[in-house]
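>>> Just a sequence and a predicted model for now, questions to come.
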Amino acid sequence: MGNNTKKSIEQINDVSRQLLSRILVMQADSKILPQEQDLKNIKIQSIDDENKELTELTEKRQILMTKLFEQNTADSISSESEVLEEMITLDSKLIANAKLSKQAITEKMIKIKKSKKVTKSYQKY
């Protein structure tokens with residue numbers, strides 16, 4: 001049973017690493033992408049695909065974690081301390097990067113809203 005527990009945690013860690021990697025790539029892309037209008041349409045499909053992939057990885061990770069805790073005892077899980085520590089570390093990194101992404105999106109939304117207000121005020125004249 002211990003071997004199955006370890007394999008389950010390792011699967012979660014693999015998916016977590018994939019998810020973290022995708023988040024980091026998206027963060028890097030959002031910083032270097034030009035904001036030119038003609039490129040926006042090209043990038044929309046790519047962003048949609050990336051969002052779909054993030055959603056799928058998140059759902060897969062959630063399913064694996066649910067199964068881990070449903071199918072294993074607390075003792076069998078805690079006995080796999082090495083891979084469990086890695087899972088905790090990856091989880092912390094995912095949380096931190098998700099917060100950074102949320103903050104960046106919020107800042108972009110504020111810029112867009114301000115830009116729309118400026119545009120509307122110019123249209124009055």
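That came through fine. Residues are numbered from 1 along each chain as shown.

>>> and whichever helix in the chain runs longest, what does it pack onto?
Of all the segments assigned as helix in the chain under DSSP state H, the longest by residue count is helix 81-123. The helices and strands touching helix 81-123, judged by 3 or more Cβ pairs under 8 Å, 6 or more residues apart in numbering; DSSP states H and E, are helix 2-32. Using the backbone N, CA and C atoms, a C-beta is placed for each residue, glycine as well.

>>> Could you check the helix it packs on and say which residues are buried?
5-6, 8-9, 11-13, 15-16, 19-20, 22-23, 26 (16 or more other Cβ atoms under 10 Å).

>>> That helix to helix 81-123, inter-axis angle?
20 degrees (axes from the mean of the first three to the mean of the last three Cα atoms, to 10 degrees).

>>> Report the distance from helix 2-32 to the chain centre.
9 Å (Cα atoms, centre = their mean, to the nearest Å).

>>> Who are the packing partners of that helix?
Taking 3+ Cβ pairs under 8 Å, 6+ apart as the contact cut, helix 2-32 packs with helix 37-71, helix 74-78, helix 81-123.

>>> helices and strands around the helix or strand bottoming out on mean pLDDT in the chain, which ones?
The weakest-scoring helix or strand in the chain, judged by mean pLDDT, DSSP states H and E, is helix 37-71 (a mean of 81). The contact analysis (3+ Cβ pairs under 8 Å, 6+ apart) places helix 37-71 against helix 2-32.

>>> what is the rounded mean pLDDT of the helix it packs on?
For helix 2-32, mean pLDDT is 88.

>>> do the same with stretch 117-125
71.

>>> Would you mind writing the CA trace of that stretch as PDB?
Output of stretch 117-125 as PDB, limited to C-alpha atoms (Å, rounded to 0.1, in the frame of the first residue of the first chain):
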ATOM      1  CA  LYS A 117     -12.600  56.200 -19.500                       C
ATOM      2  CA  VAL A 118     -10.000  58.300 -21.200                       C
ATOM      3  CA  THR A 119     -11.300  57.200 -24.600                       C
ATOM      4  CA  LYS A 120     -14.900  58.100 -23.600                       C
ATOM      5  CA  SER A 121     -13.900  61.500 -22.400                       C
ATOM      6  CA  TYR A 122     -12.100  62.300 -25.700                       C
ATOM      7  CA  GLN A 123     -15.200  61.100 -27.600                       C
ATOM      8  CA  LYS A 124     -17.300  63.800 -25.900                       C
ATOM      9  CA  TYR A 125     -15.300  66.500 -27.800                       C
END
